[in-house]
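Enquirer: dropping a prediction and its sequence here:
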Amino acid sequence: MRLFHCDQCGHLVFFESVHCVNCGAALAYLPDCDDVGAMAASDTDSPLPVPGPLWQRITTKGSSSGQRYRMCANRDQYQACNFAIPADTPYTLCSSCRQTLVLPDLSVSGNTFRWQKLESAKRRLYYTLARLGLHPDQPNWTPHYQFLADVPDQPVITGHANGLITINIAEADDDERVRRRVALHEPYRTLLGHLRHESGHFFWDKLVRDGGELDSFRQLFGDERESYPQALQNYYANPPGYERWSAQHVSAYASAHPWEDWAESWAHYLHMVDVLETAASYQTGLSMGEGSPAVTMADPFIQPAPSFEDMVAQWVPVTLLLNSLNRSLGQHDAYPFALSAGALQKLRYVHDIVRRPHPVDSPAANVLTQPSAA
């Protein structure tokens, strides 16, 4: 994630910030201009269609000059959002929160905190999709979400079906997520990773199936028409060793089925662009030692877009630095992967598809303005 600065005092602030720690200004992320703005209460209330207090950006920076906003309703009530909404739109929830159709029961102890963590990860995914030109503000271009808790004899399975992503809220508990990671012999398991992976299934439908790319996909990833339930059953009954999957896949789970291979590659590509944007924002330059050329991190969202080869040339040293810093703090590797030539070929495929223009292809559908509770 790139760095942001407070409009009022210029101090460093972050994507998740709600107040400037230096001057105390209220902050909000403004999706309409892709920036974090310092906000001041307006002296007028919101006109119809949604009454309520209005806010205005303190400066006229960028495209926000004169624009008035309302804070997402989930901010004041639950401290679960920091997005703002243009005042002339008929919603109480921001474009990210409106994607969540079903909430867990917030009267249950701990569920509000779990939901807050899920929404925070989802906003970061929203940001990356927007920067890639994938229209997360358009209902026909975004998955929707339900965040559910296990009930007796009905465990919640995290997954995607027909545009709806289901996340088991137990994944928001660090101890439970680590328990599952260890039980499944996974090197990496995060909320953001789950969301990126499941969004990959949604975008397979949009960009591959509906985008006329089935033949090219099958040539590289395999035939997705093979039985998916049987493939997963085979995978869990006989988990592959490193030598069986590493030459062609980014992870062991990617070897289970072509759909999972795509989703894991998709998630990995989103990891890559987010980390590289962060490194570039800090003006990171690296050398691997005496005689090695220096590498300067470039913003992956600049135009014209960097080549895939340039991104990989930056990715390798920055992940080595990241892991070395983690080890210096006594932590496990933040990036526990080694990309083979076969895995890189699939990441390049994702890169090529993502970087094409993706115009909005149908009128915006009606969207729920308030999620229901499970």
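Expert: Great, that's in hand.
Enquirer: tell me the SS of the residue nearest to the spatial centre of the chain?
Expert: Most central residue of the chain, judged by C-alpha distance to the mean C-alpha position with C-alpha atoms, centre = their mean, is L125 at 1.9 Å. Here L125 is recorded as helix under DSSP: H, G, I helix; E, B strand; the rest coil.
Enquirer: the closest residue in space to it that isn't next to it in sequence and Y127: what is the separation?
Expert: Setting aside the residues directly before and after it, L125 is nearest to L195 in space (C-beta to C-beta, 6 or more residues apart in numbering), at 4.9 Å. Yep, even glycine has a C-beta here, placed from its N, CA and C like the rest. Using C-beta to C-beta, to the nearest Å, L195 is found at 12 Å from Y127.
Enquirer: swap in E186?
Expert: Taking C-beta to C-beta, one finds E186 at 25 Å from Y127.
Enquirer: C-terminal to the longest strand anywhere in the chain, what's the next element?
Expert: For the chain, the longest strand by residue count, based on DSSP state E, is strand 35-45. Going down the chain from strand 35-45, the next helix or strand is strand 53-57, by DSSP states H and E.
Enquirer: that following strand packs against which elements?
Expert: When contacts are defined as 3 or more C-beta pairs under 8 Å, 6 or more residues apart in numbering; DSSP states H and E, strand 53-57 sits against strand 26-30, strand 35-45, strand 68-71.
Enquirer: which of E186 and Y127 has more neighbours?
Expert: For E186 versus Y127, the count of surrounding residues by other C-beta atoms under 10 Å is larger for Y127: 20 against 15.
Enquirer: mind listing the helices for the protein?
Expert: 73-78, 111-131, 174-183, 191-203, 214-221, 228-237, 242-245, 258-281, 308-328, 341-354 (DSSP state H).
Enquirer: and the shortest one, what's buried?
Expert: Okay, so that is helix 242-245. Buried residues in helix 242-245, defined by neighbour count with 16 or more other C-beta atoms under 10 Å: W245.
Enquirer: re the thing from before, closest one to L30 among the helices of the chain?
Expert: Between L30 and these, the tightest spacing by C-beta to C-beta is seen for helix 111-131, at 11.7 Å.
Enquirer: which strands or helices does the closest one pack on?
Expert: Against helix 111-131 (3+ C-beta pairs under 8 Å, 6+ apart) you get helix 73-78, strand 100-103, strand 144-148, helix 191-203, helix 258-281.
Enquirer: swap the cut-off to 7 Å and go again
Expert: In terms of contacts (3 or more C-beta pairs under 7 Å, 6 or more residues apart in numbering; DSSP states H and E), helix 111-131 is packed against strand 144-148, helix 191-203, helix 258-281.
Enquirer: returning to what we had before: which one of the helices and strands packed on strand 53-57 has the lowest average pLDDT?
Expert: Within these, confidence is poorest for strand 35-45, with a mean of 85 (mean pLDDT).
Enquirer: tell me how far S107 lies from A149.
Expert: Counting by C-beta to C-beta - S107 and A149 are separated by 12 Å.
Enquirer: who has more neighbours, those two?
Expert: A count of neighbours by other C-beta under 10 Å puts A149 above the other of S107 and A149, at 17 against 8.
Enquirer: is it true that that one touches P104?
Expert: Yes: counting by C-beta atoms under 7 Å, P104 is a contact partner of A149 at 5.0 Å.
Enquirer: state the mean pLDDT of stretch 354-364.
Expert: Computed over stretch 354-364, the mean pLDDT rounds to 68.
Enquirer: what do you get for stretch 157-175?
Expert: Averaged across stretch 157-175, the pLDDT comes to 94.
Enquirer: list the contacts of that stretch.
Expert: With contact meaning C-beta atoms under 7 Å, 6 or more residues apart in numbering, stretch 157-175 is reached by 104, 111, 114-115, 117-118, 143-150, 156, 176-177, 191, 194, 198, 201-202.
Enquirer: look up the closest residue to Y349, ignoring the ones flanking it.
Expert: That would be L220: by C-beta to C-beta, 6+ apart, it lies 5.7 Å from Y349.
Enquirer: distance of that neighbour relative to L347?
Expert: In terms of C-beta to C-beta, L220 sits 11 Å off from L347.
Enquirer: of these two, who's got more company?
Expert: L347 (20 against 16).
Enquirer: next up, the contacts around that one.
Expert: L347 touches 265, 268-269, counting by C-beta under 7 Å, 6+ apart.
Enquirer: where does the stretch 251-374 of the chain dip in pLDDT?
Expert: 360-374 (pLDDT under 70).
Enquirer: looking at the helices and strands packed on strand 53-57, which is closest to G10?
Expert: Of these, nearest to G10 by C-beta to C-beta is strand 35-45, at 10.0 Å.
Enquirer: same for the closest one, what does it pack against?
Expert: Taking 3+ C-beta pairs under 7 Å, 6+ apart as the contact cut, strand 35-45 packs with strand 26-30, strand 53-57.
Enquirer: out of the ones you listed, deepest packed?
Expert: strand 26-30 (a mean of 23; mean count of other C-beta atoms under 10 Å).
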